[in-house]
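S.K.: can you look at this prediction? I've put the sequence above it.
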Amino acid sequence: MLDKTKGPEPIHYPANPKHFEFDAEVADIFDNMAQRSIPMYDEARRISVAVVMEHITPKLRAGQQVDILDVGCSTNTFFKTLWDYNGTDYDKEIQNIRAVAIDPSLHMTDKAAAKVPAVFTLCRSIQDIPRLNLKFDVINMAYVMQFVPRSQRMSAFMALSVALKPGGILIFSAKETVPQPYAVVLARQYIQFRLENGYTIEEIEAKTLALQDAMWTDTQSATLTCLYSYSFVAHQELCRWMQFSTIVATKQG
């Protein structure tokens, strides 16, 4: 349910109070919602794109094709930032870059395709990545793995590893589980962050309830263990805000 009558920002309550879904209503306000609920959302993406460009520029200068995949692309904001970085119109391809975006929500991919028409955007899940029959130089995956059920987590990491070329990089952003005694303090700080960005306490409580059966966070150490298990031999944290982090990891080869 969307309520636009009580302030400058839209107030959203999940359609299913017990299970959060990326439905049409969420897709309509996703960019606004993400900027106000994910700390350093814009800054982490700008840093990620800068690192991606550092990685691919030698290949582009040599006239080689570069393949980039955004997993869980939402509304294609990652590729919009990449296009902005290169000063390219959104309906025109960047020379020698093949950009592919996937998201399991058709409502999201409709928005994504409209935002950056030059990107090949598909309604697909992580498990569908091998069916793309492509190998990528870069994979971006921002705040997605936490929505993958734990029973599917290992196959998701395997799909990322198989699809990434040796020497390729994975940009991985996530909300993380925080160990005690810090969890309570950081949870309070995150509530305060959202309140300062126009969320109401009722809205926060409703989304927290709905996400209990839709989001499963891990510690960063657990994530790194998975990455090492699937041939990611190096990693570097690019930025962090308390329990939110962005890392870059390189596939062995």
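M.R.: Yep, that arrived. Computed from a predicted structure; not experimentally measured.

S.K.: what does stretch 31-41 rub up against?
M.R.: The contact list for stretch 31-41, computed with CB atoms under 8 Å, 6 or more residues apart in numbering, reads 9-10, 12, 26, 42, 74-75, 77, 143, 175, 190, 193-194, 197-199, 239, 241-242, 244, 246. Backbone N, C-alpha and C define where each C-beta goes, glycine included.

S.K.: so which bits of it are buried?
M.R.: For stretch 31-41, burial by neighbour count (16 or more other CB atoms under 10 Å) applies to 31, 33-34, 36-41.

S.K.: which secondary structure elements does the helix or strand harbouring residue 238 sit against?
M.R.: According to DSSP states H and E, residue 238 maps onto strand 232-241. With contacts taken as 3 or more CB pairs under 8 Å, 6 or more residues apart in numbering; DSSP states H and E, strand 232-241 sits against helix 41-61, strand 244-251.

S.K.: dump it to PDB, restricted to CA.
M.R.: Taking C-alpha atoms only, strand 232-241 is exported to PDB below (Å, rounded to 0.1, in the frame of the first residue of the first chain):
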ATOM      1  CA  PHE A 232      37.600 -15.900  -5.700                       C
ATOM      2  CA  VAL A 233      41.200 -15.600  -4.500                       C
ATOM      3  CA  ALA A 234      41.400 -11.900  -3.500                       C
ATOM      4  CA  HIS A 235      39.000  -9.300  -2.100                       C
ATOM      5  CA  GLN A 236      39.100  -5.700  -1.100                       C
ATOM      6  CA  GLU A 237      36.400  -3.800   0.800                       C
ATOM      7  CA  LEU A 238      35.600  -0.600  -1.200                       C
ATOM      8  CA  CYS A 239      33.300   1.100   1.300                       C
ATOM      9  CA  ARG A 240      31.200   0.400   4.500                       C
ATOM     10  CA  TRP A 241      28.500   2.000   6.600                       C
END
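
S.K.: count the neighbours of residue 95 for me.
M.R.: Residue 95 has 11 neighbouring residues, counting by other CB atoms under 10 Å.

S.K.: doesn't it lie inside a helix?
M.R.: No. According to DSSP: H, G, I helix; E, B strand; the rest coil, residue 95 belongs to no helix; its state is coil.

S.K.: how far away is the spatially closest residue to it that is not a sequence neighbour from residue 186?
M.R.: In space, and not counting its chain neighbours, residue 95 is closest to residue 60: 7.6 Å by CB to CB, 6 or more residues apart in numbering. Taking CB to CB, to the nearest Å as the measure, residue 60 falls 40 Å from residue 186.
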